[in-house]
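Visitor: okay, sequence plus prediction incoming.
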Amino acid sequence: MTYLPTPLPQRLDVHGLGIEMDTFGQGRPLVYLHPGDGADREAPFIDDLSRHFSVFLPSHPGFGLSDLPREFNAIDDLAYFYLDFLEQQDLWDVVLVGSSFGGWLAAEIAIRNTSRIGALALAAPLGIKIDDRERRGITDIFSLTPAELTAHVRAEAKQEAPDYRQTPEEVVTRIARNREALALFGWSPTLYNPRLKYWLHRVDVPTLVLWGDSDKILSIAYGDAFCQEIAGAELSIIEGAGHYLSYDKPREFTASIVEFAMRNGDSA
Amino acid sequence: MRAWHFTEQSYAPAWDKADPMKITVPSELFDPETASNLLNRHLDEWIVADELGLDIMVNEHHSTLSCMSPSPTLPLAILARETRNARLLALGIPLGNRPDPFRIAEEIALVDLISRGRLEMGFVKGSGWEIFSSNLNPARFMDRFWESHDLILKALTTHDGPFSWEGEFFQYRYVNVQPRCYQQPHPPIWMTSTSPGGAAPIGAKGYVMASPMVGEFVKHAYDTYKAEYFKAHGHPADSDRLAYLALVAVGNSEKEARIRAEKVKEHLRTQMSINPAFVNPPGYATVDANVQGMRAARKGLGLGRTLDGKGLDFTASIDELGEAGVLFWGTPDQVYDQIESFYLRVGGFGHIMMEAQAGHLTYNETVDSLSLFSEEVLPRLQELSVQPIEEQTV
């Protein structure tokens, strides 16, 4: 774990499914879909983004203290949930941003319906299969200890075993639920949907694919493969950033998204 | 009291050549000739156990130097033919890690038929690390376990043609086990647990509960089992509902027993030899259990405690493990005394599951240890009871 998932102050009911959420700033709506470690309202890039956008930071169903309906067992369920969410909040021209697992989820939403999405930004998204059946395209994060995982998702991080003895029970509960939910949606096939690559051609909104040049979970070739399937997608490399590029290079991350959103959308 | 002989059929010759010994260990460390000899030898030991009046327990593990059996029904199918009287316990079949419950039911029925009704079927949660081999989802692990359990029981007890199954985890068009079991309605069921939370549903169902190597902490699980059993059945559970599994080494002298005990104790170190990332995949334990574990000051697996309260782990001495009820060892008198003391401390049980072969213990040592146990310890254990004396005399 590279950060502690923080409690989100709002509780939202979407068709009977309760989730945690927080909102920041004003302006064009930006929905940020968090990685497998859960939502982090204290991340510096959230603050940065809120200077330019009306930021929505939900916790996915099953993550944090958001509900997990018994029927949910695949990424499709999360994608349909967020289509419900966009409709219920009546958001238009949305800048949809997702990091890692959240990037995969953003792509799954966009192949289904982009009517409310004005621009899509995928930061080192998981979700597709590259390479042959005997080579993993994605580092198996489930085979890493928490200390190893921390070192893998950041460009430069020491392996440090987390110590939760003094961490409040509610925060540790969020960590445990995040891990379990990530397994539910991503255990096998490990963090990809074998059908996603085929459907990526349906993404018909401007798409930015952000990559860190020091990503230890996914190669830049993985980012290229993503871009090849989405017409007009731009691959932008951030130097010195690892898999969690929004943490490693928050200023560059935010600047890329602001610049891309300015160029793309209803008001562009 | 029934006594069961158990060995994990480990590949001890390579224990010094690999660490960790699980999941990622290369199979080139197994010499085919040596492995063949060992597997045949362990079958021979079980056949001796049968002749000595002991029962037989077989388990399974995967991708490890600590156990060469990939399915308990495979060795049991052989022993169904090669033994005469022993009960044959599969402990167990890891339901959460098995993708095909219908096939489990079919294999159970076959072994039960060949053995003429001597099979006992143990359904276990299985080890967390083996989810990395089965690759089934660790999330909702126990929900899958119980659906598999329900399906197997229905498969074994439905005799009027096929039924369909459209569950959350398993779907079948026609479930129809042919031929059906020898024992009707089905072989006895065992499960394992060492915690009150795990014991509760087993007690409610009245299955035999086996608890491995936790020393006197087992009393919490036993007490919960008994309470839940009473609640569900309206009468107290017989002691034959409870089993305890420990390492056992008997010798003709204390000196000889000490040598044997040190050898079987070696098996404990294989439990430690694992990549920590594999121990507890997300979902294998409940969220509550994980929260408790993550916030706990002390980590690691407990192996009971000594009489003066010292908590033990894998580095404990055989003297400490003997006192804790994790490794019963010594002359027949000493072993009887240790088991009696432990039995009274935890409130009694009806089965002693003996891991009487482990590590580098040889065939001759194993057979001698089993013989001493069967001839000089077991007859005295039959007299053990936790009932108050006045009740016994009625």
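Guide: Right, received. Where do you want to start? Numbers count the residues shown, from 1 in each chain, chains lettered A, B, ... in the order given.

Visitor: B:Ile104 sits in which helix or strand?
Guide: Following DSSP states H and E, one finds B:Ile104 within helix B:101-114.

Visitor: looking at the chain, which helix or strand does the model trust least?
Guide: Picking chain A for this. helix A:146-153 (a mean of 92; mean pLDDT, DSSP states H and E).

Visitor: sorry, should have said chain B
Guide: Every helix and strand in chain B was compared by mean pLDDT, DSSP H and E; the lowest is helix B:389-393, with a mean of 45.

Visitor: in contact with the residue of the stretch 151-300 of chain B found nearest chain A, which residues?
Guide: Going by CB to the nearest CB, chain A is nearest to B:Pro282 of the stretch 151-300 of chain B, at 3.7 Å. In short, each C-beta sits where N, CA and C put it, glycine included. Applying CB atoms under 8 Å, 6 or more residues apart in numbering or on different chains, one finds that B:Pro282 lies in contact with A:Phe142, A:Ala176, A:Arg179, A:Glu180, A:Leu182, A:Ala183, B:Pro138, B:Ala139.

Visitor: find the centremost residue of the chain, please.
Guide: No chain specified, so I'll use chain A. Central residue of chain A (CA atoms, centre = their mean): A:Gly102, 1.9 Å from the mean position.

Visitor: um, chain B though
Guide: Note: chain B centre (CA atoms, centre = their mean) maps to B:Leu91, 4.8 Å.

Visitor: how about the strands in chain B?
Guide: For chain B, strands defined by DSSP state E occupy the ranges B:2-7, B:55-58, B:88-94, B:119-124, B:163-166, B:171-175, B:189-192, B:208-212, B:242-250, B:327-330, B:351-357.

Visitor: how close does the residue nearest to the centre of chain B sit to chain A?
Guide: 27 Å (CB to the nearest CB, to the nearest Å).

Visitor: would you agree that residue is in contact with B:Trp190?
Guide: Yes - using CB atoms under 8 Å as the test, B:Leu91 is close enough to B:Trp190 to be in contact (5.8 Å).

Visitor: where in chain A is pLDDT low?
Guide: Applying pLDDT under 70 to chain A flags residues A:1-2, A:267-268.

Visitor: mind naming the longest helix for it?
Guide: Ranked by residue count, the top helix of chain A under DSSP state H comes out as helix A:169-186.

Visitor: hmm, that helix in reach of chain B?
Guide: Yes - shown here: helix A:169-186 in contact with chain B (CB under 8 Å from any CB of the partner chain) through A:Glu169, A:Val172, A:Thr173, A:Ile175, A:Ala176, A:Arg177, A:Arg179, A:Glu180, A:Ala181, A:Leu182, A:Ala183, A:Leu184.

Visitor: hang on, the earlier thing: which other helices and strands contact the helix holding B:Ile104?
Guide: helix B:73-82, strand B:88-94, strand B:119-124, helix B:141-157, strand B:171-175 (3 or more CB pairs under 8 Å, 6 or more residues apart in numbering or on different chains; DSSP states H and E).

Visitor: so where's the longest helix in chain B?
Guide: Longest helix in chain B, counting by DSSP H: helix B:32-51.

Visitor: output it as PDB, restricted to C-alpha atoms.
Guide: The C-alpha coordinates for helix B:32-51 follow below in PDB (Å, rounded to 0.1, in the frame of the first residue of the first chain):
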ATOM      1  CA  PRO B  32      11.800 -39.800  -9.700                       C
ATOM      2  CA  GLU B  33      13.300 -43.000  -8.300                       C
ATOM      3  CA  THR B  34      13.400 -41.700  -4.700                       C
ATOM      4  CA  ALA B  35       9.900 -40.200  -5.000                       C
ATOM      5  CA  SER B  36       8.600 -43.500  -6.300                       C
ATOM      6  CA  ASN B  37      10.200 -45.400  -3.400                       C
ATOM      7  CA  LEU B  38       8.800 -42.900  -0.800                       C
ATOM      8  CA  LEU B  39       5.200 -43.000  -2.200                       C
ATOM      9  CA  ASN B  40       5.300 -46.800  -2.100                       C
ATOM     10  CA  ARG B  41       6.800 -46.900   1.300                       C
ATOM     11  CA  HIS B  42       4.100 -44.600   2.700                       C
ATOM     12  CA  LEU B  43       1.400 -46.900   1.300                       C
ATOM     13  CA  ASP B  44       3.200 -49.800   3.000                       C
ATOM     14  CA  GLU B  45       3.100 -47.800   6.300                       C
ATOM     15  CA  TRP B  46      -0.700 -47.300   6.000                       C
ATOM     16  CA  ILE B  47      -1.100 -51.000   5.300                       C
ATOM     17  CA  VAL B  48       0.800 -51.800   8.500                       C
ATOM     18  CA  ALA B  49      -1.400 -49.200  10.400                       C
ATOM     19  CA  ASP B  50      -4.500 -51.200   9.100                       C
ATOM     20  CA  GLU B  51      -3.000 -54.400  10.400                       C
END
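
Visitor: next one: that helix to chain centre, how far?
Guide: Centroid separation for helix B:32-51 versus its chain: 19 Å, with CA atoms, centre = their mean, to the nearest Å.

Visitor: list, one by one, the residues from chain A near chain B.
Guide: By CB under 8 Å from any CB, the residues of chain A that approach chain B are A:73, A:142-145, A:148, A:164-165, A:167, A:169, A:172-173, A:175-177, A:179-184, A:187-188.

Visitor: re earlier: so which elements touch the least confident helix or strand of chain A?
Guide: Packed against helix A:146-153, as judged by 3+ CB pairs under 8 Å, 6+ apart, are no other helices or strands.

Visitor: and the angle for that helix with helix A:169-186?
Guide: If you take axes from the mean of the first three to the mean of the last three CA atoms, to 10 degrees, helix A:146-153 sits at 60 degrees to helix A:169-186.

Visitor: next one: helix A:146-153 to chain centre, how far?
Guide: Put simply, helix A:146-153 sits 17 Å off its chain's centre (CA atoms, centre = their mean).

Visitor: likewise stretch B:366-376?
Guide: 20 Å.

Visitor: mind checking how far the closest residue to A:Ala155 other than its chain neighbours is from chain B?
Guide: Setting aside the residues directly before and after it, A:Ala155 is nearest to A:Gly242 in space (CB to CB, 6 or more residues apart in numbering or on different chains), at 3.5 Å. From A:Gly242 across to chain B, the span is 19 Å (CB to the nearest CB).

Visitor: A:Gly242 contacts A:Ala151, doesn't it?
Guide: No - A:Gly242 lies out of contact with A:Ala151 (CB under 8 Å); the separation is 9.3 Å.

Visitor: neighbour-wise, which of these two wins?
Guide: Neighbour count, other CB atoms under 10 Å in any protein chain shown: between A:Gly242 and A:Ala151, A:Gly242 has more, with 24 against 18.

Visitor: and that one, what does it touch?
Guide: The neighbours of A:Gly242, taking CB under 8 Å, 6+ apart as the test, are A:His152, A:Val153, A:Arg154, A:Ala155, A:Glu156, A:Ala157, A:Gly212, A:Ser214, A:Asp215, A:Lys216, A:Asp248.

Visitor: any of these buried? List them.
Guide: A:His152, A:Val153, A:Arg154, A:Ala155, A:Ala157, A:Gly212, A:Ser214, A:Asp215, A:Asp248 (16 or more other CB atoms under 10 Å in any protein chain shown).

Visitor: and those residues, which is closest to chain B?
Guide: A:His152 (11.5 Å).

Visitor: and the closest residue to the closest one other than its chain neighbours, what does it touch?
Guide: The shortest distance from A:His152 to any non-neighbouring residue, by CB to CB, 6+ apart, is to A:Lys216 (4.7 Å). Neighbouring residues of A:Lys216 by CB under 8 Å, 6+ apart: A:Thr139, A:Ala151, A:His152, A:Val153, A:Gly242, A:His243.

Visitor: and B:Ala210, by the same measure?
Guide: B:Leu91, B:Gly122, B:Trp190, B:Met191, B:Thr192, B:Ala243, B:Tyr244, B:Leu245, B:His351, B:Met353.

Visitor: and A:Glu239, by the same measure?
Guide: A:Asp213.
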